[in-house]
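Asks: Sharing a model prediction with you, sequence too.
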Amino acid sequence: MVDTIIPTLFDKIIYFSLMIKIYSTYENMDAKISTRVRLIFRIIVIYPFSYSKDTPANNHEDADSAERRLRVKIKSEQTSGARKNMKCFSMFHKKLNKCFYRLGIATANYPGYFIITPFLICILGLTGFQRSIFITDPEVLYYPDGGPALTERALVEHFFPLNSSYHFLPHYITRNQGFGRVLIEPKDHGSIFRNYLWKEILNINEVLTNFTITYEGKSYSYKDLCAIWDKKCIPNPVLDLYDKVDKIENGFMKLNYPIMIFPLVLPMFFGGLKIDQNGLYIKSASALSLAYFLKTDTDDDKERALLWERKFVSMTEGKNFKYLHVSSSSAVSYEETTEETPEAVYPYIPVVAVIMVLFTVSNTMMLDWVRSKFYFGFIGLLSAALATGASFGYLMHIGVPNCGINYISPFLIIGIGLDDMFVTLAAWRRTRLQDSVEKRLGQTYADAGLSILITSLTNLVSFLIGTSAPVLSIKIFCLYTATSILVMYLMHMTFFGGCLAVFGFFEKEQRHSICFRKVKAKSEIGENPNLCYSVWCSGGVSAQDPWNEKDNKPHLVMIFFRDYLGKLLTKSYSKFCILMVFMIYLMLSIYGILFISEGYDKPSTVRYDSYLYDYIEMEETLFRHHPYNIQVVITGDLKYANSTVRQEIMNLHNEYEQLPFVAPSPLTLSWMRGWFLRVRRKPELRNITDEREFIRQLRKTYLVGSSNFRAFDVAYNKDYSRIVASRFFIQTKGIKDSNEDTQMMNRLREIAEKSPLNVTVFNPNFILFDQANLVKPAVLQATGIATVSMIIISLILIPNKWCSLYIGFTIVSIEIGVIGFMSLWNVKLSFISLICLVMCIGFSVDFTAHISYSYCNSKAKTSNDKIRETLYALGLPIVQSGLSTICSIIVFVFVPAYVYVYFFKVVFLVVLFAGLHGLFLVPVLLTVAGPDAFQNCKKDEKKLPRMKSRNNSLNNLPELRSTEVKILNEDATMNGRSKSCENNEDNLELKNTVGINLNGCAIPNSKEGIINNGFIV
């Protein structure tokens, strides 16, 4: 008896001394904390001295257990204090959690309203498709706002209106209309100067000029529709070489370079051109270009031209010529093939549907057939489809136009919707199976609702920022996608939540997830279960023994992320390796950015199985030697009789012709050079100082005759006393690709701006080239605005400076990586890729926001433990979300259009880098330099010396009254859960417990293991 009492009293004296020391330490705290500590002190100190007849004589366990409870509570207080310092749980944050909790309870109470109402609203929105306005004009869709080419074209057309019925020349063209063109190449890729090849070329020309079309009951051939110069159709003078091909082939005749007059030979006629070393002769050519121009002055002319252009293409498309490879195009080809490009996706839509159903169903299933969610794969896809259809329909109702690139949007919305679905299901699986459906859904909404709100809001904002892009097609795409994201979020919080509530009730009633028949839990089957029933039917929890370990097993993959990957990331060598890999990633990305290719990407907007793609490829590879003819227009009140003005004009000629990408002066078409030379040679003209007389002599002696093409390059005022505008033409050469196209245009404009004259340069292709000038500013502007916006959103919803910093850092890092690797993967920086980069901004935030929010919301004590808990909660949903996005667009690899292939490449890079950042880099950064990164809980443990006990049994703890347990539970909340534990036996009595959990609630003995927030405790 003495041996028993003395050690007990000795332990209690030590314990009492320790309590006094701890109490005195906390006395200087604020009143609220001090009051709580006094209550804890009273509970923990008084109970070891309370003696009951039912208590065994040996009470070493009382002191040991009391110390354990004290140790857990003090650590919880310390962690809570650290979180208050981090300000992760602001009042706004708490109110949002409460709102989501209440929304979840309301959804569970009235699931029918939350399912039927949004479903009917979406069905109503689908009626908007009958009012669709579809835009196909490439110039309208892809030309950037604020580009100068439209202004330049308007100026040229104002002073030099095109008249294709009387005086038309090919270099007068200002718009891509009214023409057909064929590119001809020998099948053996040899020289074009072979007699038998030219015989077949003449046959092709004969076919193209003699077929007829019918318009309003009349037949028209090319001779009836052709553009006119000097009362004749515009010819293809290169065909006059037919009689001389044998001499050229045998080397008896040389073609002068840069121009040959008799017969007329211009280098622009040939492709694959090679010039001799001295630059005097055309050495060889491997392709030939023939062009046919039509009248387009009246509406009837345009209608007839449209019919002829379509038939023109059909005359050569798919035809197999004996010796030649022929590719054709017309003015309408680009618009029509651009319109046909989205149709390439149609055959793959069923494939995507099957892939997504299989993927989602497989990822919503478990070995537990009650807790599995077999039908949620279909529900998730249905929710995404309804959201996309409704958003499109309502926008069409209000008159927003549609375009082909919007066909990409539904695939994106599927990925975003499934992302939210997986996060929600993961939160549902972390709730206690023993709770009511209302409480579980409330906890699910509180746990996942804010995280989904953050990612949906960031995606929405990123696409809304994309609506400021200077290209109409991007504006339309971003507006439709942003609206779809908004509707998708609303559908998820209503329709999907209602479905989850319904299936939650099925789960509560122990119903099979497929056939909905009631089944037994695995613990109820017995020692010798039926194998088939156990594997394919059993699941759920037993009503008689709800805490049985067999029925409360967590998800194995989630355990992997916590116990294996999470543990690995807490190792110092793993952190070092991840940071080193990140540095290599950044270096490769920067290297790729240095060599990125910019400019318009014309082939990407057409199907590569179309005739136009073949035409563009031939044009880009063979006809780059002399590609563009540039109009240089001089306007303003100039006195051409003034020798100083004439000298400035000639200086402008010389400055342009000295550029490396401008052909020699013989290819420059200029009335001014010839006339000014004549003025210098003739004194009677040189001495004229009166402008009116100067113009009279010009018109009378130099610009005379109806076939004088120079006469149409001068514009006068009404009384012919002033030249209000004049122009000349320069020919470009040796421009290799779209990058050099843009450089050429910018250099020409730069010279025009620096000139003392009022100069404008123009070519119809400048409308495409202007894209490249606006891509970089658009990307930088969108990225900058989006990054700031994302940081502001994260500061509001995740009020922690470290998390906001890492979200901004992740956006910049992923954007750099995507652009760099995009370059290494042969994707140009164009407006097609700009769409993807805008989307990249929103997607790059998703995984980081999930991780950061969960980390800040964690109740774990150390940063390493927080990361493990975070990966447990979100590791699997992040992988599922990334894979679902990839699966939704995987078919784009097989679509015969580079716009979709490019889209897949960029989205794949975005998802890959975002996933790697979310699963590896951000967790490492949060543990190395983030909230609680420097907190050393082991030192805190050492401050509390552990008391020795002779007996380690934990079955003799004294009971606590429910009011005192509620004190311990105060402020012990997670993700919007109740502030106090439920007043049931498991929480109010500590007879069969192992201590107090992070919520301050009693933890049952492991024999009755309970899953709390994903951990078996």
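Replies: Cool, got the structure. A quick note: this is a predicted structure, and the numbers were derived from the prediction, not measured. Numbering: from 1, shown residues only.
Asks: What is the neighbour count of Y142?
Replies: For Y142, the number of neighbouring residues by other C-beta atoms under 10 Å comes to 24. For glycine as for every other residue, the C-beta is placed from the backbone atoms N, C-alpha and C.
Asks: Distance of it relative to P683?
Replies: With the distance defined as C-beta to C-beta, to the nearest Å, Y142 ends up 55 Å from P683.
Asks: same check, this time on N758
Replies: Looking at N758 against P683, where the rule is C-beta to C-beta, the gap reads 30 Å.
Asks: Looking at those two, which is more packed in?
Replies: In this comparison of N758 against P683, neighbours counted by other C-beta under 10 Å, the higher total goes to N758 at 14 against 9.
Asks: what's the helix or strand for the residue sitting nearest the centre point of the chain?
Replies: The centroid of the chain falls nearest to M839 when counting by C-alpha atoms, centre = their mean (2.5 Å). In this assignment (DSSP states H and E), M839 forms part of helix 831-857.
Asks: try I213
Replies: With DSSP H and E as the test, I213 turns up in strand 212-215.
Asks: buried sites along that strand?
Replies: Applying a neighbour-count criterion of 16 or more other C-beta atoms under 10 Å, the buried positions in strand 212-215 are 213, 215.
Asks: do the same with stretch 248-259
Replies: Judged by neighbour count using 16+ other C-beta under 10 Å, the buried positions of stretch 248-259 are 248-249, 255, 257-258.
Asks: Then stretch 358-368?
Replies: Applying a neighbour-count criterion of 16+ other C-beta under 10 Å, one finds 359-361, 363-366, 368 buried in stretch 358-368.
Asks: Which two of those residues have the greatest separation?
Replies: F359 and D368 (20.0 Å; C-beta to C-beta).
Asks: what residues are up against the residue nearest to the centre of the chain?
Replies: Contacts for M839 (C-beta atoms under 8 Å, 6 or more residues apart in numbering) come out as 412, 462-463, 466, 481, 907, 910.
Asks: now these in JSON lines, with pLDDT and secondary structure?
Replies: Formatted as JSON lines, the entries for those read as follows, by pLDDT from 0 to 100; DSSP: H, G, I helix; E, B strand; the rest coil:
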{"residue": "L412", "pLDDT": "82", "secondary structure": "helix"}
{"residue": "S462", "pLDDT": "84", "secondary structure": "helix"}
{"residue": "F463", "pLDDT": "87", "secondary structure": "helix"}
{"residue": "G466", "pLDDT": "83", "secondary structure": "helix"}
{"residue": "T481", "pLDDT": "92", "secondary structure": "helix"}
{"residue": "V907", "pLDDT": "87", "secondary structure": "helix"}
{"residue": "V910", "pLDDT": "89", "secondary structure": "helix"}
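Asks: And these, which is closest to Y613?
Replies: Of all those, V907 has the smallest distance to Y613: 22.6 Å, by C-beta to C-beta.
Asks: what about that closest one, how many neighbours?
Replies: Residues near V907, counting by other C-beta under 10 Å, number 24.
Asks: now it: how far from T605?
Replies: Taken as C-beta to C-beta, the spacing of V907 relative to T605 amounts to 18 Å.
Asks: ditto for I192
Replies: For I192, the distance to T605 - C-beta to C-beta - is 30 Å.
Asks: Which of the buried residues of stretch 358-368 fall in helices?
Replies: Among those, the members found in helices (DSSP state H) are 359-361, 363-364.
Asks: Just name the closest of those to Y902, please.
Replies: Of all those, Y902 sits closest to F359, with 23.6 Å by C-beta to C-beta.
Asks: For that closest one, which residues are in contact?
Replies: For F359, the contact set (C-beta under 8 Å, 6+ apart) comprises 377, 883-884, 887.
Asks: Quick one: list the elements packing against the helix or strand harbouring N651.
Replies: Assigned by DSSP H and E, N651 falls within helix 643-657. With contacts defined as 3 or more C-beta pairs under 8 Å, 6 or more residues apart in numbering; DSSP states H and E, the secondary structure elements packing on helix 643-657 are strand 629-638, helix 671-681, strand 723-731, helix 738-754.
Asks: relative orientation of the first one and helix 671-681 in degrees?
Replies: Right, strand 629-638. Computed by axes from the mean of the first three to the mean of the last three C-alpha atoms, to 10 degrees, the angle separating strand 629-638 from helix 671-681 equals 60 degrees.
Asks: Over to the last one?
Replies: Regarding helix 738-754 and helix 671-681, their directions subtend 40 degrees when assessed with the same axes, to 10 degrees.
Asks: now the helices for the stretch 51-200 of the chain?
Replies: Shown for the stretch 51-200 of the chain, the helices assigned by DSSP state H, counting those that start in this stretch span residues 60-86, 91-109, 111-125, 138-142, 149-159, 195-210.
Asks: Same question for stretch 391-401: list its buried residues.
Replies: Per 16+ other C-beta under 10 Å, stretch 391-401 contains these buried residues: 391-396, 400-401.
Asks: Just the ones in helices from those, please.
Replies: Assignment to helices by DSSP H places the following of the buried residues of stretch 391-401 there: 391-396.
Asks: Could I get the full set of strands for the stretch 451-600 of the chain?
Replies: Remark: strands of the stretch 451-600 of the chain are absent; assignment by DSSP state E, counting those that start in this stretch.
Asks: so where's the protein uncertain?
Replies: Low-confidence segments of the chain (pLDDT under 70): 1-90, 526-529, 551, 555, 599, 799, 930-1017.
Asks: try 50 this time
Replies: Within the chain, the set of residues satisfying pLDDT under 50 comprises 1-10, 12-18, 20-63, 67, 70, 72, 74-75, 77-89, 936-1017.
Asks: Break it down into its domains, please.
Replies: Here the domain assignment for the chain is 177-330, 342-519+554-595+772-933, 629-762, based on the TED database.
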